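Engineer: Got a predicted structure plus its sequence, pasted below:
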Amino acid sequence: MERDERRCIRCKVCVNQCTYETHYYDSEEDVIRSKDENCVNCQRCVTFCPTNAIVIRKNTNVNRENVNWTAEAVRDLKKQAESGAVILTGMGCDKPHFTYWDRLLLNASQVTNPSIDPLREPMEIRTYLGAKPDKVELETEGSRLLLRTVLAPQLCLETPIMFSAMSYGAVSLNVHKALARAATECGTYFNTGEGGLDQSLYKYGKHTIVQVASGRFGVHPKYLDAGAAIEIKIGQGAKPGIGGHLPGEKVTKNVSKTRMIPIGSDALSPAPQHDIYSIEDLRQLIYALKEATSYSKPISVKIAAVHNVAAIASGMVRAGADIIALDGVRGSTGAAPKVIRDNVGIPIELAIAQVDQRLRDEGIRNRASIVASGGIRSSADVVKAIALGADAVYVATAALVAMGCTVCQKCYTGKCPWGIATSDAWISKRLNPDIAAERLVNLLVGWSLEIKDMMGGMGINAIESLRGNRLALRGVGLTETELKILGVKMAGD
Amino acid sequence: MKDLGKVNNPFGDDKDFAGCSIFGMMNLEGKRFSSADPVKAIANMHDRGNGLGGGFAVYGIYPDFKDYFALHIMYLSKDAKEKTDRILASRFHIIYDEEMQTRPADVHDPPRVWRYFVEPKKGQPEKLTVDDYVMQAVMRINTETGKAFVFSSGRNMGVFKGVGFPEDVAEFFCLDEYEGYLWTVHGRFPTNTPGWWGGAHPFNILDWTVVHNGELSSYGINRRYLEMYGYKCTMQTDTEVMAYAVDLLIRRQHLSVELMAKVFAGPLWSEIDEMEPEQRRLYTVLRQTYGSLLMNGPFGFLVAHHGEMVGLTDRIKLRPLVAGTRGDFLYMSSEEAAIRLVSPTLDRFWAPRGGEPVIGRVRNPAVIEDLTGESA
């Protein structure tokens, strides 16, 4: 922490803003000092300092460099030797070696077919999620054409981007409020995550996907009725195979009421859903939820992308899932053991490609929509995900960044200085839901425009012509096997 | 057919890239006429092609053999003919076969071309319709023999195509000696090397033909969707995808031609939102179900089968198509001049909107019955 004394005016905004007590005011010498060891580099003080007096620099005082025993590895070992505990972390995997988006390039039209100008021509990105029939059946009655096909319930997305599951408790009510409002305004959906939905947000239910996870926190008939769709959470990309962790400190009065658990109790959801030990059990829960809501809404099943994801997804479709949500290894979390976050699961790009292809090979791709998540950073990632075979994507980190998050990875402390990953009433006031909602809307509007630009460039004016259209993609720097699994050709080929 | 596919696209591109001219002409009373007008019209659009593909589909051409499937087969080797003959003999009664009459013309490297009139043998598997039975045999010959290709397989209709300008292809096949009540014609402008003869248009299966001008930006997903229904897209052409999509929607799923047009060139969601509730429901379901068959990017095509000719362009009309009528004749063409050349005076002439099909039907169903030897 470097503070330019000539610039510092002792306003103490840094002292007040830091939730980790990094800054303190020394009244005897009229100077602000820092406990550098507390700093998480969230940039809150830097942003708020009115005189730009603060710079946070990487501590150069580190052990001798070693590519195997990195500073991070050594630090974790020391921490563990002191505590005998699991090392926790927040957000998605921060290692560089899993991203395929950057090795996929998009196509554009030249000469033989025209690109389409989205400023002057219609450009459609509306997307419907849910089971589609094999064919449309009609009957003629005299000169009238009668539709015999009854369509399964669908979600209508005006842009193929939804806000991914972030539970109330892990994030503040203001975050949920902002997500709900932005989803409503943009004609898309936000996912409640596994912590239930505060009653005050039921009015946004038409744009809400309510989640049912292994802890069953906050699940009751009114909650199920409130949402436009229900998502069964089996797994999460950041922590496949383990349940959610909400430390008791975050379980405040309101969180306790919504989650239906005692104040201050740890909300640890079980690793598996204890009523789902097999695919036929999943079918029972899917149909229990369909029965409970009179077959009025699609049921999504969310899994972490793992090794046999294609076969699992096929089973899920056959079990009656209307939407398959796949969360890749770079998926984010409010709290997860670092060792799990960084080592378990597979990249979402490969999962989309494999699931889409498997469902096609089995002739059941139309029976469920695919929603992809886990490391979608930009509209280009969205377009690439859809070209690989996803119907839509979930974003969470991108949405949090739009609201103020700086990806400091300390969500699990409950002290988020940006008022996002916290249930502390005082800190969460920092997030103004009106402003946050506006910024989320801006993000989706901006991305949607960019998606239309990219589609138009390819000569495509409806998103269904992009979906699964892998000829829109080419790979660079990929092995034969990687290209084969992604189902794309090498650039130049 | 894999080998042949390679010949068609030696560079392994995603698909063939081609621009084209298309022309269609039909007599709505089902009366037959000569090749003179169709050839004259397509020759007038000479510069829309580059001599690397031309072809004709003619309906009502074999009235004396109307009860039998007419197979036009091109052979790239002698061996292929022997193999094909064995397959045919095991599945069909061959009523008559001959080497097709041709004459020297300015075409590129012609293969040997044979014509067979065949009748499916009795005792075919019960689940299969006659059409499916014939289609399977065609697919088998095209994929297994390697060097033989069935390019026409309908009853009382025939496809003639090859590498050359369409007027030269007409000369090669002696089309001046044939008559039909419905002609569709194609002149091709591919961007790659001279292909093989099977890659020219029209594309045909049973009595369905497609001539097509365009390049589908949605090819990748159209193809993957059709693969889900067992179609193998081996020729890497948009037209092949178009033809299979027609087959799936019309023959297998029984949609009307009108609704097929709305699948290929669907209304915008903003238009659907404004429709009456019943119609809105229909179009919403249609688009949700067949979104992957939306033909996106520029196209104009003519699809024909006995008694019917349909013209359609993509929904923002990135390829030309005009239509006109005169007496009992309906004309459709890439360019107006081609129509005016053969019929200077028209009762009606119009440029259909993007995505709006032009449908010509033989007026009297009894005539169609007579043409096909079966009830329509």
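Structural biologist: On my side now, so go ahead.
Engineer: How about the contacts made by the nearest residue to A:I485 once chain neighbours are set aside?
Structural biologist: Among residues not flanking A:I485 along the chain, A:L350 sits closest, at 5.5 Å (Cβ to Cβ, 6 or more residues apart in numbering or on different chains). For every residue, glycine as well, the C-beta is placed using N, CA and C. A:L350 makes contacts with A:Y100, A:A305, A:I485, A:L486, as judged by Cβ atoms under 8 Å, 6 or more residues apart in numbering or on different chains.
Engineer: Let's see that with 10 Å instead.
Structural biologist: For A:L350, the contact set (Cβ atoms under 10 Å, 6 or more residues apart in numbering or on different chains) comprises A:F98, A:Y100, A:A305, A:V309, A:A310, A:G328, A:V329, A:L388, A:E482, A:I485, A:L486.
Engineer: is it possible to export the residues you listed to JSON lines including neighbour count and secondary structure?
Structural biologist: Shown next, in JSON lines, are the contacts of A:L350 (neighbours: other Cβ atoms under 10 Å in any protein chain shown; DSSP: H, G, I helix; E, B strand; the rest coil):
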{"residue": "A:F98", "neighbour count": "19", "secondary structure": "coil"}
{"residue": "A:Y100", "neighbour count": "24", "secondary structure": "coil"}
{"residue": "A:A305", "neighbour count": "29", "secondary structure": "coil"}
{"residue": "A:V309", "neighbour count": "24", "secondary structure": "helix"}
{"residue": "A:A310", "neighbour count": "19", "secondary structure": "helix"}
{"residue": "A:G328", "neighbour count": "29", "secondary structure": "coil"}
{"residue": "A:V329", "neighbour count": "26", "secondary structure": "coil"}
{"residue": "A:L388", "neighbour count": "31", "secondary structure": "helix"}
{"residue": "A:E482", "neighbour count": "16", "secondary structure": "helix"}
{"residue": "A:I485", "neighbour count": "18", "secondary structure": "helix"}
{"residue": "A:L486", "neighbour count": "23", "secondary structure": "helix"}
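Engineer: Farthest pair within the residues you listed?
Structural biologist: Greatest spacing in those, by Cβ to Cβ: A:F98 and A:A310 (18.3 Å).
Engineer: Surely A:A372 touches A:V383?
Structural biologist: No. With contact defined as Cβ atoms under 10 Å, A:A372 does not count as touching A:V383 (11.9 Å).
Engineer: Give the intersection of the neighbour lists for these two.
Structural biologist: Common neighbours of A:A372 and A:V383 are listed as A:V393 (criterion: Cβ under 10 Å, 6+ apart).
Engineer: So between the two, which is more surrounded?
Structural biologist: Neighbour totals were compared for A:A372 and A:V383, and A:A372 leads with 30 against 26 (other Cβ atoms under 10 Å in any protein chain shown).
Engineer: so how far is A:S369 from the residue lying closest to the more buried one once chain neighbours are set aside?
Structural biologist: Among residues not flanking A:A372 along the chain, A:A390 sits closest, at 4.0 Å (Cβ to Cβ, 6+ apart). Remark: distance between A:A390 and A:S369 (Cβ to Cβ, to the nearest Å) = 9 Å.
Engineer: swap in B:H46?
Structural biologist: Between B:H46 and A:S369 the computed distance is 48 Å (Cβ to Cβ).
Engineer: okay, these two: which has more neighbours?
Structural biologist: Higher neighbour count among B:H46 and A:S369: A:S369, with 26 against 14, using other Cβ under 10 Å.
Engineer: In contact with that one, which residues are there?
Structural biologist: Contact analysis of A:S369 by Cβ under 10 Å, 6+ apart lists A:127-132, A:154-155, A:157, A:298, A:300, A:321-325, A:390-392, A:467.
Engineer: tell me the pLDDT at it?
Structural biologist: You'll see A:S369 listed with a pLDDT of 98.
Engineer: partners of it in the sheet?
Structural biologist: A:I323 (DSSP bridges).
Engineer: Are stretch B:21-41 and chain A in contact anywhere?
Structural biologist: No. Applying Cβ under 10 Å from any Cβ of the partner chain, one finds stretch B:21-41 separated from chain A by no less than 15.6 Å.
Engineer: Next, the buried residues of that stretch.
Structural biologist: Residues of stretch B:21-41 classed as buried: B:21-28, B:30, B:32-33, B:35, B:37-39, B:41 (neighbour count, 16 or more other Cβ atoms under 10 Å in any protein chain shown).
Engineer: so how far is that stretch from its chain's centroid?
Structural biologist: 15 Å (Cα atoms, centre = their mean, to the nearest Å).
Engineer: same thing with stretch A:220-230?
Structural biologist: Using Cα atoms, centre = their mean, the offset of stretch A:220-230 from its chain centre is 21 Å.
Engineer: looking at the chain, which helix or strand is least sure?
Structural biologist: Here I'm looking at chain A. The least trusted helix or strand in chain A, going by mean pLDDT, DSSP states H and E, turns out to be strand A:245-246, with a mean of 84.
Engineer: Work out the sheet partners of that strand and label each with its direction, please.
Structural biologist: Partners of strand A:245-246, by DSSP bridges, with direction: strand A:267-268 (antiparallel).
Engineer: Could you report the neighbour count for B:M242?
Structural biologist: 25.
Engineer: how about the helix or strand containing it: buried residues?
Structural biologist: For B:M242, the element it lies in under DSSP states H and E is helix B:238-246. Across helix B:238-246, burial judged by 16+ other Cβ under 10 Å covers B:D238, B:T239, B:E240, B:V241, B:M242, B:A243, B:Y244, B:A245, B:V246.
Engineer: Confirm for me that the last one is in contact with B:N222.
Structural biologist: No. Using Cβ under 10 Å as the test, B:V246 is too far from B:N222 to be in contact (11.8 Å).
Engineer: Mutual contacts of these two, please.
Structural biologist: Counting by Cβ under 10 Å, 6+ apart, the residues touching both B:V246 and B:N222 are B:F264.
Engineer: A:V15: what's it in contact with?
Structural biologist: With Cβ under 10 Å, 6+ apart, A:V15 has these contacts: A:E21, A:T22, A:H23, A:Y24, A:Y25, A:I32, A:R33, A:S34, A:C45.
Engineer: one more time with 6 Å
Structural biologist: A:V15 makes contact with A:H23, A:Y25, according to Cβ atoms under 6 Å, 6 or more residues apart in numbering or on different chains.
Engineer: and it, what helix or strand is that in?
Structural biologist: Here A:V15, judged by DSSP H and E, is contained in helix A:13-17.
Engineer: Okay, buried residues for that helix please.
Structural biologist: In helix A:13-17, counting by 16+ other Cβ under 10 Å, buried: A:V13, A:C14, A:V15, A:Q17.
Engineer: Can you add pLDDT and give the residues you listed back as TSV?
Structural biologist: Below are the buried residues of helix A:13-17 laid out as TSV (pLDDT from 0 to 100):
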residue	pLDDT
A:V13	96
A:C14	96
A:V15	97
A:Q17	96
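Engineer: so, if you compare these, which one comes nearest to chain B?
Structural biologist: A:Q17 (45.8 Å; Cβ to the nearest Cβ).
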